[in-house]
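**Q** no sequence on hand, only this structure:
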């Protein structure tokens, strides 16, 4: 019988420009995982904002304000300054910080919204790394990488060092380098119900067929994809940075509305999103 357990901890990174994403990240994580330790690499302004919002959702959160160099800059600006890859590799810093305290950690990008509990991991196979495939067309993974850089489970301190090394010759920033580290360490792939971004719907071979796999559980109201709980989505719920994002967000919000009478966490999340967009 396999021994499965959730990640020991979660980490992310954020600057003030994505503060709404971070608020959704924290709120949704706490709906489904109220106790898990959360570590955040951030700038000073973000730390100040989060610390002033003292409530039950802010328990067991640890903030490290080490990103002031990148405050007030978006991706385009950082790419122009040739510091985008440097910024992305700060993921390694927060992973390293957490691995000094816990045996494993799940890194997730700040524009993640949790819709269910974290996925269980089979520890009996002594995995060291869990990666999240894009599940999109081969032509796109050939360009952007087979795995998504925004969702990674790590249980070996050597992984971040190797990730930095492979990034030096990667074809797409730090993201495509994940293909190399999964070959070096004992790895598994997260199922499609985790880290579900808009690209999985609009950059796949058969978007309509994939769309038809969404449903709500008749008894719990949970959003399902292909009959299994949709655990997390990767999207900006309060802003639109891609033409496909509003369509994807509307699909998710429609499913949340359908399930909210049976799933009180969905009701709470919808209320929170409405309040956040009115601020």
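**A** Sure thing, it's come through. Note that the coordinates shown come from a computational prediction; the quantities given were computed from them, not determined experimentally.
**Q** where in the stretch 101-250 of the chain is pLDDT low?
**A** Residues of the stretch 101-250 of the chain meeting the criterion pLDDT under 70: 124.
**Q** give me the neighbour count for residue 212.
**A** Applying other Cβ atoms under 10 Å, we find 10 residues neighbouring residue 212. Just so you know, the C-beta spots here come from the backbone N, C-alpha and C atoms, and that holds for glycine as well.
**Q** so how far is residue 206 from it?
**A** Note on residue 212: its distance to residue 206, by Cβ to Cβ, to the nearest Å, is 10 Å.
**Q** could you do residue 246 as well?
**A** The gap separating residue 246 from residue 206 is 21 Å, by Cβ to Cβ.
**Q** do the same with residue 117
**A** Per Cβ to Cβ, residue 117 is found 29 Å from residue 206.
**Q** on that earlier part again, which one of residue 246 and residue 206 has more residues nearby?
**A** Shown here are residue 246 and residue 206; by other Cβ under 10 Å, residue 246 has more neighbours (14 against 8).
**Q** tell me, which strand in this protein spans the most residues?
**A** For the chain, the longest strand by residue count, based on DSSP state E, is strand 147-154.
**Q** ok, it: who's next to it in the sheet?
**A** If you go by DSSP bridges, strand 147-154 pairs up with strand 105-108 (antiparallel), strand 129-133 (antiparallel).
**Q** who's in contact with the first one?
**A** Going back to what we said before, that points to strand 105-108. Strand 105-108 is contacted from outside by 7-12, 25, 39, 91, 94-95, 98-99, 118, 130, 150-155, 195, 232, using Cβ atoms under 8 Å, 6 or more residues apart in numbering.
**Q** repeat that for the longest one.
**A** With contacts defined as Cβ under 8 Å, 6+ apart, strand 129-133 is touched by 106, 121, 146-148, 150-156, 159, 178, 181-182, 185-190, 192, 194-195.
**Q** residue 164 belongs to a helix?
**A** Yes - when classified by DSSP: H, G, I helix; E, B strand; the rest coil, residue 164 is found to be part of a helix.
**Q** that one reaches residue 93, doesn't it?
**A** No - in this structure, residue 164 is not within contact of residue 93 by Cβ atoms under 8 Å, at 10.3 Å.
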